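Engineer: Turn this into a structure:
(chains A and B)
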Amino acid sequence: MTSPIPKSVTPASPVDRSLLYPSPYKEFWHAFSRNKGAVMGLAFMCLVVFCALFAPWVAPHDPSEQYRDFLLTPPVWLEGGTWQFILGTDELGRDLLSRLIQGARLSLLIGLSSVVMSLIPGILLGLLAGFFPHLLGPSIMRLMDVMLALPSLLLAVAIVAILGPGLINTVIAIAIVSLPSYVRLTRAAVMGELNRDYVTAARLAGAGLPRLMFVTVLPNCMAPLIVQATLSFSSAILDAAALGFLGLGVQPPTPEWGTMLASARDYIERAWWVVSLPGLTILLSVLAINLMGDGLRDALDPKLKNAA
Amino acid sequence: MLSFIARRLGLLIPTFFGITLLTFALIRLIPGDPVEVMMGERRVDPEMHAQAMERLGLNKPLPVQYLDYVGKLAQGDLGESLRTRESVWTEFLTLFPATLELSFAALLFAGTVGLLAGVIAALKRGSLFDHGVMGISLAGYSMPIFWWGLILIMFFSVSLGWTPVSGRIDLLYDIEPKTGFMLIDTLLSDEEGAFKDAVMHLILPAIVLGTIPLAVIARMTRSSMLEVLREDYIRTARAKGLSPARVVFVHGLRNALIPVLTVFGLQVGTLLAGAVLTETIFSWPGVGKWLIEAIGARDYPVVQNGILLIACLVILVNFVVDILYGLANPRIRHQR
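Structural biologist: Reported below is the predicted structural model:
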C-alpha cells in the first residue's frame, strides 16, 4: 500500500521562503490583520494600555488635585477652555484627561484580574465536568445554570450587596458572574475532544488523568476560550462601569470611568464634557476590545465565524 | 411534544431549588449580625435581639431555616419590606407593570428596527448599508447604556426639549392605576393629552433599553438570513417566478426567524439587567430601581426575594422560548 515518497528534489539551500509552511504566529497574524476593524481595535487598545502603564508620566496633572479656580472649565476647543486642561475639568476642578488616563488603569486592572479569576476556576470546573460526565459533570452544570438564570449585572449587584462596594469586591463579583460561560465552553470543547483518536492514544500510552486533562486535551480547547476571554474582558469593563455608576462599584474619589459618570450626572445641563467624555472612553475601549475579539475569532476559530 | 415539555420542566426543578438556595444564602452571607444589619443599629438590646432572632427564625439550625424559607415561598409569603412594612409580593406586583411596559416597548423597537435592518443588510450584502448596519450594531453592542441614556437626555430633553427628562407621566395628570400599564390607563382615563404624554415619557427609556437587543437582533437576523438565502428552496421559489418580496419575507424570513426567536428569548435577561440601569437614569418607577434602592437602604427581604422573583421570571421566559423553539423545529424536539 505504501508507495515510496519521492525525495525532495529542491536543493538544500537557498530555500525558497514562500514554499515553507508559515510559522503559527505568522499565520495567525496574517488571518488577524485581514480584519481591518480588529487591527484598529488593537491599535486603540495599545494606546490605552500605554496610557494605563505610564499613567503618572502621561497624565498632565495629578488626577485628584483640585484646581479651585478652574471648576468645570470646558475643553480647549471651546470658548473658555485652556491648554492647561485639554479636556476640561470636572465639578471639583480636577483635570478630566488625567482622570480618564488614571481610570484606564483601573478599568484594565478590573478587566484583567476578573478574567484571570474566572478563567482559571472556569477551566478547572469545565475540565472536571467534561471528564466526569456522570455525576460530577451534571451537578456542576446545574449550578452554572442557576448562575446563568440571573442576568449578569443583577447577579453582580447581588454579590456586591453582600460583600459591600469597592474595587476588590467589584472584581470578585464580575469574576463570579463570568464563570459559567467559561465552564460551559471548556466542557463543550473537552467533550468534543475526548472522542478523538489522539486522546485514546494518550490514554493507551498510560497518561494519567492530570496529564490527559492539562497536557493532552486542554491545549486543543484553548481557541474558543481565548476568544471568550477577550469578550468577557470587554463586558467586565462595562459591568464594572455600570456598578460604579450605580454607586456599588469603585467608590469616589477614585477616578473609575463609571463612578466619574455617576458624579457628573448633576452637571448634565451645564457641562456636557464631564458626562460625554468618560462614557465615550468606555464605549471606545469596549468597542476596540470587541473588534479585536472578532478578529481573534476569525483567526483562531474559523468554525465560529458565523455563529454570533 | 408532551414528553419534550415534561423533560424541560424536569430540568427546571433543580434550577429553581438552586436559586432558592442562592437567595437563602444571600442573606446569611452578609458579614455581621443579621439582626443588627436589619435594624440598622449596633448593640441592640439583648432581649430584643433574642426576640428578633426568634421572630425571624434565625435561632434554628440552617437546614430547618432553609426548609422554613422554601415552605413560606410555597405559600406565596415573600416577607415584608423593612422600609414600608408592605409585603414584597404586593410591592413587586405594583411596580412590575412599569418594567414590563418599558421592556415591551424596548423589544418592540429592537425587534422591528433590528429585523428590518438585518434583512436589508443581508439582501444588500457587502454594500455600504450592510457595513453601516454591522458597524453601528457592533457599537450598540459595546454601548454602556447608562451613558447612552444620559447622552440622549442631554440631547433630546435638555437641548431640544422634545421629551421629558424622567418619570412615567407628568404630575399634572392624575391617572388611576387600573392595569398598571400607563399607556392603557391613560387611554382609559378621560384626561386629554395624557396618552401622548405617557408615550413621550416612554420613548427615550425604550430606545435606551432596546439598544443592545437591537444590535444583537440585527446581527443575528443578518447572518441567519444570509444562510437561508443560500438554500435550495429559495432558488426554487425564485425560479417559480414568485415576487422578490414574497421570496424574501415568506420563504426566507420565516425560516430565518427561528434562531432569531431564541435570541429574542435570551435578551430577556439583558433587558431586566438593563432595566436596572435604565430605570435608575430615567427615575422610572419599576422593579429595577426598586431593587437598587433596596440595596442602598439595606432592605434585605426586598433584595433577597426581588432577586428570586426576577430569576424565576428569566427561567420562565427561557422555558417558554425553549418550548416555542421545540414547536418551530422538530429536530430539537426529538433530540435526547
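Engineer: How about B:Gly288, nearest residue that isn't a chain neighbour?
Structural biologist: With C-beta to C-beta, 6 or more residues apart in numbering or on different chains as the criterion, B:Gly288 has its nearest non-adjacent residue at 3.6 Å, and that residue is B:Val276. (Each C-beta comes from the backbone N, C-alpha and C, glycine too.)
Engineer: I'd say that neighbour and A:Ala158 touch.
Structural biologist: No. Taking C-beta atoms under 8 Å as the definition, B:Val276 is not a contact partner of A:Ala158, at 11.1 Å.
Engineer: and the closest residue to chain A within the stretch 151-300 of chain B, what is it in contact with?
Structural biologist: When scored by C-beta to the nearest C-beta, the stretch 151-300 of chain B has B:Ala273 as its residue closest to chain A, at 3.5 Å. Listed by C-beta atoms under 8 Å, 6 or more residues apart in numbering or on different chains, the contact set of B:Ala273 reads A:151-154.
Engineer: In those residues, which residue is surrounded by the most others?
Structural biologist: A:Leu153 (26 neighbours; other C-beta atoms under 10 Å in any protein chain shown).
Engineer: Quick check: it is in a strand.
Structural biologist: No. A:Leu153 sits outside any strand when classified using DSSP: H, G, I helix; E, B strand; the rest coil, being helix.
Engineer: Please report how far it lies from B:Leu29.
Structural biologist: From A:Leu153 across to B:Leu29, the span is 19 Å (C-beta to C-beta, to the nearest Å).
Engineer: tell me the centre residue of the chain?
Structural biologist: Let's take chain A. Compute the mean C-alpha point of chain A, and by C-alpha atoms, centre = their mean the closest residue is A:Phe233, 1.8 Å away.
Engineer: hmm, I had chain B in mind actually
Structural biologist: Centre-nearest of chain B using C-alpha atoms, centre = their mean is B:Leu272, 2.9 Å out.
Engineer: Quick check: the gap between the closest residue to A:Ser64 other than its chain neighbours and A:Ala52.
Structural biologist: Counting by C-beta to C-beta, 6+ apart, A:Ser64 lies nearest to A:Pro253, which is 5.9 Å off, once chain neighbours are set aside. Distance of A:Pro253 to A:Ala52, given as C-beta to C-beta: 19 Å.
Engineer: so where is the chain shaky, pLDDT-wise?
Structural biologist: Answering for chain A, as no chain was given. Along chain A, the model assigns pLDDT under 70 to residues A:1-15, A:17-18, A:301-308.
Engineer: could you do chain B instead?
Structural biologist: B:30-34, B:37-44, B:328-336.
Engineer: what residues does the stretch 201-308 of chain A put near chain B?
Structural biologist: Counting by C-beta under 8 Å from any C-beta of the partner chain, the residues of the stretch 201-308 of chain A close to chain B are A:234, A:238, A:241-242, A:245-248, A:258, A:261, A:265, A:268-269, A:272, A:275-276, A:278-280, A:282-283, A:286-287, A:290-291, A:294, A:306, A:308.
Engineer: Make a PyMOL selection of the buried ones in the residues you listed.
Structural biologist: Typed into PyMOL, the next command selects the buried ones out of those (criterion: 16 or more other C-beta atoms under 10 Å in any protein chain shown):
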select buried, chain A and resi 234+238+241+242+245+246+247+248+258+261+268+272+275+276+278+279+280+282+283+286+287+290+291+294
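Engineer: ok, the residue in chain B positioned nearest to chain A - contacts?
Structural biologist: In chain B, the residue that lies nearest chain A is B:Trp147 (2.9 Å; C-beta to the nearest C-beta). Contacts for B:Trp147 (C-beta under 8 Å, 6+ apart) come out as A:245, A:261, A:275, A:278-280, A:282-283.
Engineer: Would you point out the most distant pair within those residues?
Structural biologist: Farthest-apart pair in these is A:Phe245 and A:Leu280; separation 14.5 Å (C-beta to C-beta).
Engineer: Can you tell me how far the residue in the stretch 1-150 of chain A that chain B sits nearest to is from B:Pro63?
Structural biologist: The minimum distance from the stretch 1-150 of chain A to chain B, using C-beta to the nearest C-beta, falls at A:Val146 (3.5 Å). In this view, A:Val146 and B:Pro63 are 19 Å apart by C-beta to C-beta.
Engineer: Name the SS class of B:Glu176, please.
Structural biologist: Classification of B:Glu176 by three-state DSSP places it in coil.
Engineer: I'd assumed B:Glu191 was in contact with it.
Structural biologist: No. If you go by C-beta under 8 Å, B:Glu176 and B:Glu191 don't touch, sitting 9.9 Å apart.
Engineer: When those two are compared, which one has more neighbours?
Structural biologist: Using other C-beta under 10 Å, the more surrounded residue of B:Glu176 and B:Glu191 is B:Glu191, with 15 against 8.
Engineer: related to what we said a few turns ago, for the residue of chain B closest to chain A, helix, strand, or coil?
Structural biologist: helix.
Engineer: Could you tell me the end-to-end distance of stretch B:45-64?
Structural biologist: Stretch B:45-64 has an end-to-end distance of 26 Å (C-alpha to C-alpha, to the nearest Å).
Engineer: May I see the buried residues of that stretch?
Structural biologist: Buried-residue list, stretch B:45-64, by 16+ other C-beta under 10 Å: B:52, B:56, B:58.
Engineer: quick one: the last one and A:Gly81, what's the gap?
Structural biologist: Applying C-beta to C-beta, the value for B:Leu58 to A:Gly81 is 59 Å.
Engineer: so the residue of the stretch 1-150 of chain A closest to chain B, which of the three states?
Structural biologist: With three-state DSSP as the criterion, A:Val146 reads helix.
Engineer: correct me, but it touches B:Ile19?
Structural biologist: Yes. Using C-beta under 8 Å, A:Val146 makes contact with B:Ile19 at a distance of 5.6 Å.
Engineer: Going by neighbour count, which residues in the longest helix anywhere in chain A are buried?
Structural biologist: If each helix of chain A is counted by residues according to DSSP state H, the longest one is helix A:96-131. Under the neighbour-count criterion of 16+ other C-beta under 10 Å, helix A:96-131 has A:96-108, A:110-111, A:113-115, A:117-119, A:122-123, A:125-131 buried.
Engineer: next one: stretch A:227-240
Structural biologist: Residues of stretch A:227-240 classed as buried: A:227-240 (neighbour count, 16+ other C-beta under 10 Å).
Engineer: Stretch A:72-87 vs chain B: in contact?
Structural biologist: No. On the criterion C-beta under 8 Å from any C-beta, stretch A:72-87 is out of touch with chain B, staying 14.7 Å away.
Engineer: Name the surrounding residues that touch that stretch.
Structural biologist: Stretch A:72-87 is touched from outside by A:60-61, A:67, A:70, A:88-91, A:93, A:95-97, A:100, A:267, A:270-271, A:273-274, A:277, with contacts defined as C-beta under 8 Å, 6+ apart.
Engineer: hmm, 6 Å instead?
Structural biologist: With contact meaning C-beta atoms under 6 Å, 6 or more residues apart in numbering or on different chains, stretch A:72-87 is reached by A:88-89, A:91, A:95-97, A:271, A:273, A:277.
Engineer: Also stretch B:274-284?
Structural biologist: For stretch B:274-284, using C-beta under 6 Å, 6+ apart, the contacting residues are A:242, B:99, B:145-146, B:149, B:166-167, B:205, B:208-209, B:286, B:288-289, B:292.
Engineer: Please flag which of those sit within helices.
Structural biologist: Going by DSSP H, the helices hold A:242, B:99, B:145-146, B:149, B:205, B:208-209, B:288-289, B:292 from the contacts of stretch B:274-284.
Engineer: Got a quick PyMOL command for the buried subset of the residues you listed?
Structural biologist: Burial among the ones in helices among the contacts of stretch B:274-284 is assessed by 16+ other C-beta under 10 Å; the matching PyMOL selection reads:
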select buried, (chain A and resi 242) or (chain B and resi 99+145+146+149+205+208+209+288+289+292)
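Engineer: Could you dump the ones in helices among the contacts of stretch B:274-284 into CSV with distance to B:Ile307 added?
Structural biologist: Shown next, in CSV, are those (distance: C-beta to C-beta, whole Å):
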residue, distance to B:Ile307
A:Ala242, 16
B:Thr99, 14
B:Ile145, 20
B:Phe146, 20
B:Gly149, 23
B:Pro205, 22
B:Val208, 23
B:Leu209, 19
B:Gly288, 11
B:Lys289, 14
B:Ile292, 12
